[in-house]
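Undergrad: coords please:
(4 chains)
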2 protein chains.
Amino acid sequence: MGRVQTFDTATVVRAARTLFWERGYEDVSVPDLEEATGIRRSSLYHAFGSKRGVFDAAVESYLEDVVRPRLRPLQGPDVAADALVGYLRGLRAALADGRPAAAQAGCLLLNAATAPVGRDEAVAQVVHGYRAELHAAFRRGAQAAGTAAPEQVATLCTSAVVSAFVLARIDPDEAVATLDAVLGVVAPPAGGAGG
Amino acid sequence: MGRVQTFDTATVVRAARTLFWERGYEDVSVPDLEEATGIRRSSLYHAFGSKRGVFDAAVESYLEDVVRPRLRPLQGPDVAADALVGYLRGLRAALADGRPAAAQAGCLLLNAATAPVGRDEAVAQVVHGYRAELHAAFRRGAQAAGTAAPEQVATLCTSAVVSAFVLARIDPDEAVATLDAVLGVVAPPAGGAGG
DNA sequence: CCCGTTGTGTGATGACCGTTCCACTATACT
DNA sequence: AGTATAGTGGAACGGTCATCACACAACGGG
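TA: Purely as a prediction, here's the structure:
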């Protein structure tokens, strides 16, 4: 019973997610959220409790709708030999794409890590888990590809992805070059390490 | 002529630098600066023009007193064969040190890159130059060490250092592991690639 | 129809932000 | 000693922030 919600929660969260992604938690004001979502403060506070609540929902949505779909080929019971290379090439393509919104936003979570909100224990924990999930997926990918020293390769890939996301915000070309360098390790251009 | 300054500019800039380093530009308020530097707003504004002016001075100080001294062995006319490994081990030691201030602050410039202030063109330019300086130094180090594909190795090192700095803020152990992984590439534990 | 319940709109709250203004102080030169 | 000059202290500025309080609107069940 009672009045029914006039907005679609998922849509609102997606709009907020985009905003937080591009500008970061502290640079997005509640009026900004009102404008981007099309609903008023009172509805936001009623549905999410606080600005921070909106951010938490955006982070959840980011993990579920952005991060995990791309990681899934590296997480299933069967991992293809070229899954790791596929992931890195896909990310490379996304960063090289040129659309400022997608390319220059980097990673919502890594941006949060270096921001004030990153000092919050809960946020730090999420970022920690994100890195661990990345690393575990890359290790499985390296194992599936049959590379030597998969643990080390996984760390190098994690490192490349993290720095690519950070560099994306100031120098997309260098972000791409970073992924190319690690692709040279994972998929050597001319014969050799393939298992 | 006129009244003489009661504070040492370099000391004030260092104090501001530490604060910006640990907390980021936007999370440091002018009252925070007053407390950390021991001088009042009026003096800060008289000497630096604005909060942003203080930040710019802090960035300059960071480059000159923190970044370049560590990079110098990789920039002189003669670069030792172990200069690159020395740099990476030195950074590793600093991050593993455990003192929260030094270890968990990451890099002042990279933190700025993902923050709102990073969207400022001048700041982005400085960060861009910083990354280029890192990369050039690492390439010279790789060449001096006689590694194969010095350009690629330099990119891998830059990537590792960038991600180590970012991870330092949320997971110092993983930051160290990242440097270890790239050290495994630059200085293989058992024989082989030495030139 | 009426009422309980839930969602929405509007306006105000106190706190803090970076910046500015102005009176006062201390120095160096004449 | 007198004065122009530069530095300092303190109070105040308008603006924006996140949050809240309260009245009104729409729905379901009696």
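
Undergrad: switch to C-alpha atoms for all contacts and neighbour counts from now on
TA: Noted.

Undergrad: What segments of chain A are helices?
TA: When secondary structure is read from DSSP state H, chain A shows helices at A:9-23, A:30-37, A:41-48, A:51-62, A:68-71, A:83-96, A:100-104, A:108-114, A:121-145, A:150-168, A:172-186.

Undergrad: Which of the ones you listed has the lowest mean pLDDT?
TA: Mean pLDDT per stretch puts helix A:100-104 lowest among those, at a mean of 72.

Undergrad: Pick out the residue closest to the middle of chain A.
TA: Closest residue to the average C-alpha location of chain A: residue A:107 at 4.5 Å, with C-alpha atoms, centre = their mean.

Undergrad: For it, which non-adjacent residue is closest in space?
TA: In space, not counting the residues next to it along the chain, residue A:107 is nearest to residue A:165; the distance is 5.7 Å by C-alpha to C-alpha, 6 or more residues apart in numbering or on different chains.

Undergrad: same deal with residue A:111?
TA: Residue A:111's closest residue in space is residue B:114 (C-alpha to C-alpha, 6+ apart), at 5.3 Å.

Undergrad: Contact partners for the residue nearest to the centre of chain A?
TA: A:21, A:165-166 (C-alpha atoms under 8 Å, 6 or more residues apart in numbering or on different chains).

Undergrad: Then residue A:130?
TA: By C-alpha under 8 Å, 6+ apart, the contact list for residue A:130 is empty.

Undergrad: so how far is residue B:69 from it?
TA: Using C-alpha to C-alpha, to the nearest Å, we find residue A:130 at a distance of 34 Å from residue B:69.

Undergrad: what does residue A:185 give?
TA: Taking C-alpha to C-alpha as the measure, residue A:185 falls 31 Å from residue B:69.

Undergrad: and what of residue A:141?
TA: For residue A:141, the distance to residue B:69 (C-alpha to C-alpha) stands at 39 Å.

Undergrad: okay, these two: which has more neighbours?
TA: Set residue A:141 next to residue B:69 and count neighbours by other C-alpha atoms under 10 Å in any protein chain shown: residue A:141 wins out with 28 against 11.

Undergrad: That one against residue A:78, yeah?
TA: No: taking C-alpha atoms under 8 Å as the contact criterion, residue A:141 and residue A:78 are not neighbours in contact, 10.0 Å apart.

Undergrad: near chain B, which residues of chain A show up?
TA: Chain A comes close to chain B at residues A:23-24, A:27, A:110-111, A:113-116, A:118, A:124, A:127-128, A:152-153, A:155-156, A:159-160, A:162-164, A:166, A:169-171, A:177-178, A:181-182, as judged by C-alpha under 8 Å from any C-alpha of the partner chain.
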